[in-house]
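Student: need a 3D model of the following:
(2 chains)
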Amino acid sequence: MSTQSVPRQFPVPLAWPAGARRGPVAVGQPRHAPSLGIPKVGLSEICLSYRTQSGERLLALDHIDLQVHAGEFVCIVGPSGCGKSTLLHLVAGLQPPTSGQILVDGNPIQGPGTDRIMIFQDHGLFPWLTVGQNVEFGMKMKGVPRAERYERTQHYLRLVHLAKFEKSYIHQLSGGMRQRVAIARALATQPDVLLMDEPFAALDAQTRDLLHDELERIWSDTGCTIIFVTHNVREAVRLGDRVVLLTFRPGRVKSEFPVDLPRPRSLEDPAVALAAREVLDELRDEINRSLDAEYNEGVKPHIEPGVSA
Amino acid sequence: MKRALRYVLFYSALLGLWTLLAELKIWPPYLFPTPWGVAESLYAGFADHSYWIAIRVSMQRVVIGYGISVVLGMVLGLGVASNKFLEETMGGLLVSLQSLPSICWWPLALLWFGLSQNAILFVVVMGSLLSVTLAMEDGRKQMPKIFGQAGRNLGAKGFKLFWYVLLPASLPFIVSGLKQGWAFAWRSLITAEMLYLSLGLGQVLMMGRDLNDMSAVIAVMLLIIALGYIVDGVVFKGMERHLQNKWGLAPAS
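Tutor: From the prediction side, this is the model:
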């Protein structure tokens, strides 16, 4: 389990607006220490099964145990169909697990809560609202007074460099800008936990690199906990303190990889590539199993070692 | 410019044909009036305020009736769309009821409400409720799931979720159904008004018949068409344009 032994190479400004709750971990302290007790998010024995169209029961998630510590950046990788997105929906409270418990700060969750905000792959922004109104939405639902809402909206729009676009509608923005609005909208409710469901999968490589840097900066500024789902191993290693590998159907935790690399990182770092290779070697079996299931005629396109992550 | 010219050409040809037929005197003038006879009727009707009153009464009724339909229809449609039991039972009933012309409710309405404005409103509601309900149900199903998830995730629930998320998210999908509902409401209203002395446009139309005044009948018909067209062109076109601008949808051509 990695602690922050390497000095942080970027400043840690206190970016919360006045009156905002600070991140749960004091600046300069190790981000997560297992000895500190109650994890921020604890999944114990999570199972999820559902009935398919043909009526058979399908086990999607099988006894998932996962502890995420306050301020930790955990990435979950797995082949498509392993239930990793579903796992996030469960943590968000959008759907109950078949069995098992989801704890936040040691308390079982009761449906959705603004302490856990999800960022979706296709951003889920509201096209009938302006950028500013989108960012404001969560606060409006919470009943935050108008003046404070306005101030915080401005703050978070500046944080993602979109202050100029407050009055724009979503369809007028590029994919990368939309994802930044989604991040601002999520942060504006001041969640403890960000749940990111392949948020950058649909973006081009340059935009994604840029957003990786921004996300890392925002994470370090706010001290929030992030659970980040991706199928891109390199991305997971680039961003995460820890990479959790899920198996293909039913989803189980296959292994966990602490990532002890100094930040800020870059996707091109040889060390990132090396660590990704290690994860990918384990992932490959699962990808093959998923492809097997996909082409269940027996035509199996085998993934050769060395395919880029 | 070219389009305007085509319009002018088409309508002058239509008017010309009408005038020609009227002038040939194949039918007596009280059965087949000339365009200026109709124009005179229109002028007279507005001059003695009877058309103004009729328009006001009819518009008031249709706004109330249609308003009730929209509110009820949205609630019903949302219920049917989000509840599997309701969908399987009531969904089919709603579709089959749509084949019933709304005026078939008139006898029931008379018994229940008597010869009153409420009977007319009832027929108007029955005429447009189904379109709105079915449109809402369909819109709710077509609406991408992610909006509801994102809304709940950001803390919206219950009425707030409906009002701030589900309703605006489904608007682009229900606007054509709302438009259709409006057209049905308008038709049902005129039909019901024709059956009962009621001050509205439908009654003015029947009065023309009773007086053997065909130019008055045609004048009122033109009024009914014009009002329907104006509401459609101003209210619904405006709404569609507004939605297109916000959502960035390509204008439907």
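Student: count of neighbours near the residue of chain B found nearest chain A?
Tutor: In chain B, the residue that lies nearest chain A is B:Gly248 (2.6 Å; C-beta to the nearest C-beta). Glycine gets a C-beta too; all of them are placed from N, C-alpha and C. Residues lying near B:Gly248 (other C-beta atoms under 10 Å in any protein chain shown) number 13.
Student: tell me how far whichever residue of the stretch 51-200 of chain A sits closest to chain B lies from A:Phe73.
Tutor: Using C-beta to the nearest C-beta, the single residue of the stretch 51-200 of chain A nearest to chain B is A:His171, 2.6 Å away. Distance of A:His171 to A:Phe73, computed by C-beta to C-beta, to the nearest Å: 31 Å.
Student: between the two, which one's more packed in?
Tutor: A:Phe73 (25 against 14).
Student: contacts only, for the more buried one.
Tutor: Shown in contact with A:Phe73 (C-beta atoms under 8 Å, 6 or more residues apart in numbering or on different chains): A:219, A:225-226, A:228, A:239-242.
Student: just among those residues, which is most surrounded?
Tutor: A:Thr225 (29 neighbours).
Student: touching, that residue and A:Leu194? I think so.
Tutor: Yes. Using C-beta atoms under 8 Å, A:Thr225 is in contact with A:Leu194, at 7.2 Å.
Student: pLDDT score assigned to the closest residue to the residue of chain B closest to chain A other than its chain neighbours?
Tutor: The shortest distance from B:Gly248 to any non-neighbouring residue, by C-beta to C-beta, 6 or more residues apart in numbering or on different chains, is to A:His171 (2.6 Å). Note on A:His171: pLDDT of 88.
Student: tell me the contacts of A:His171?
Tutor: A:127, B:247-248.
Student: okay, now residue 232: neighbour count?
Tutor: No chain in the question, so chain A it is. That count, for A:Asn232 with other C-beta under 10 Å as the rule, works out to 18.
Student: oops, wrong one, chain B.
Tutor: B:Asp232, neighbours per other C-beta under 10 Å, totals 14.
Student: B:Gln180 is in contact with that one, correct?
Tutor: No. Counting by C-beta under 8 Å, B:Asp232 sits too far from B:Gln180 to count as a contact (10.4 Å).
Student: what's the helix or strand for the closest residue to A:Tyr169 other than its chain neighbours?
Tutor: Of all residues not flanking A:Tyr169 in the chain, B:Lys246 sits nearest, at 5.5 Å (C-beta to C-beta, 6+ apart). Per DSSP states H and E, B:Lys246 falls inside helix B:237-247.
Student: quick one: list the elements packing against that helix.
Tutor: Here helix B:237-247 touches helix B:167-194, going by 3 or more C-beta pairs under 8 Å, 6 or more residues apart in numbering or on different chains; DSSP states H and E.
Student: export the lowest-mean-pLDDT helix or strand in chain B as PDB, just CAs?
Tutor: Here the helix or strand of chain B ranked lowest by mean pLDDT, DSSP states H and E is helix B:84-97, holding a mean of 82. The C-alpha trace of helix B:84-97 is given here as PDB (Å, rounded to 0.1, in the frame of the first residue of the first chain):
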ATOM      1  CA  LYS B  84     -44.800  -2.400 -15.700                       C
ATOM      2  CA  PHE B  85     -48.200  -3.400 -14.400                       C
ATOM      3  CA  LEU B  86     -49.800  -0.200 -15.600                       C
ATOM      4  CA  GLU B  87     -48.100  -0.500 -18.900                       C
ATOM      5  CA  GLU B  88     -49.300  -4.000 -19.600                       C
ATOM      6  CA  THR B  89     -52.900  -3.300 -18.500                       C
ATOM      7  CA  MET B  90     -53.700   0.400 -19.100                       C
ATOM      8  CA  GLY B  91     -51.300   0.800 -22.100                       C
ATOM      9  CA  GLY B  92     -53.400  -1.400 -24.300                       C
ATOM     10  CA  LEU B  93     -56.600   0.200 -23.200                       C
ATOM     11  CA  LEU B  94     -55.300   3.700 -24.000                       C
ATOM     12  CA  VAL B  95     -54.300   2.700 -27.500                       C
ATOM     13  CA  SER B  96     -57.700   1.100 -28.200                       C
ATOM     14  CA  LEU B  97     -59.500   4.000 -26.700                       C
END
